[in-house]
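Enquirer: quick one, structure for this:
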Amino acid sequence: MSVPKPKGFVTLISVLILGAVGVAIVVSLIQLGLGSSRTSFAAEQSLSARGLADACAELALERIRSNPSYVGTLSPLVGTGDCTYTVTDTGGVTRSIAAEATVGTITRRVHVVVSAVSPISLASWQEVAN
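Expert: Residues are numbered from 1 along each chain as shown. Sure thing, here's the model as predicted:
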């Protein structure tokens with residue numbers, strides 16, 4: 001005697017396997033989308049922080065223009081992040097400006113070398129690491 005096979009067993013197993021594969025694909029797509037959103041947000045914050053660091057350095061240059069003997073540190077209120085600049089006298093009419101800006105979790109820094117203060121002349125303007 002043979003045991004009768006339940007009808008629809010193969011169909012049920014096939015549906016379950018296809019459902020599991022479908023769920024795995026959907027979960028992968030959601031994770032890819034979230035990763036892409038995080039990357040895009042970090043890139044946006046990075047661009048904003050760089051712009052803010054440049055604006056902060058511009059404020060330092062304006063301070064030097066209005067007071068050629070200025071040296072010191074200031075944290076002006078600019079934009080939506082935090083910004084700090086330090087002006088250092090590097091001898092004679094030269095100055096060094098270190099500007100740092102943070103937007104969210106991203107920090108960007110620029111270093112400006114002023115070769116003359118009246119009129120202001122720049123020797124370099126570059127982004128720097130820590």
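Enquirer: and the residue nearest to residue 127 when sequence neighbours are not counted, how far from residue 100?
Expert: Excluding its sequence neighbours, the residue lying closest to residue 127 (CB to CB, 6 or more residues apart in numbering) is residue 110, at 5.4 Å. The C-beta positions use only the backbone N, C-alpha and C, and glycine is treated the same way. Distance from residue 110 to residue 100, counting by CB to CB, to the nearest Å: 8 Å.
Enquirer: which residues do the two both contact?
Expert: By CB atoms under 8 Å, 6 or more residues apart in numbering, residue 110 and residue 100 have these common neighbours: 53, 56.
Enquirer: mind listing what's buried in the longest strand along the chain?
Expert: Longest strand in the chain by number of residues, with DSSP state E as the criterion: strand 106-117. By neighbour count, and taking 16 or more other CB atoms under 10 Å as the criterion, the buried residues in strand 106-117 are 106-112, 114, 117.
Enquirer: out of the residues you listed, who's nearest residue 30?
Expert: Checking these against residue 30 with CB to CB, the nearest one is residue 106 at 25.1 Å.
Enquirer: ok, now which ones touch the residue nearest to the closest one when sequence neighbours are not counted?
Expert: Nearest residue to residue 106, sequence neighbours excluded (CB to CB, 6+ apart): residue 45, at 4.3 Å. Residues near residue 45 by CB under 8 Å, 6+ apart: 103-106.
Enquirer: was I right to think the residue nearest to residue 127 contacts residue 99?
Expert: Yes - between residue 110 and residue 99 there is a contact at 5.0 Å, judged by CB atoms under 8 Å.
Enquirer: isn't residue 97 right next to residue 90, touching?
Expert: No - Residue 97 lies out of contact with residue 90 (CB under 8 Å); the separation is 10.2 Å.
Enquirer: higher neighbour count, the two?
Expert: More neighbours sit around residue 97 than around the other of residue 97 and residue 90, counting by other CB atoms under 10 Å; the figures are 23 against 13.
Enquirer: find the nearest non-adjacent residue to that one, please.
Expert: With sequence-adjacent residues excluded and distances taken as CB to CB, 6+ apart, residue 97 is closest to residue 112, at 4.1 Å.
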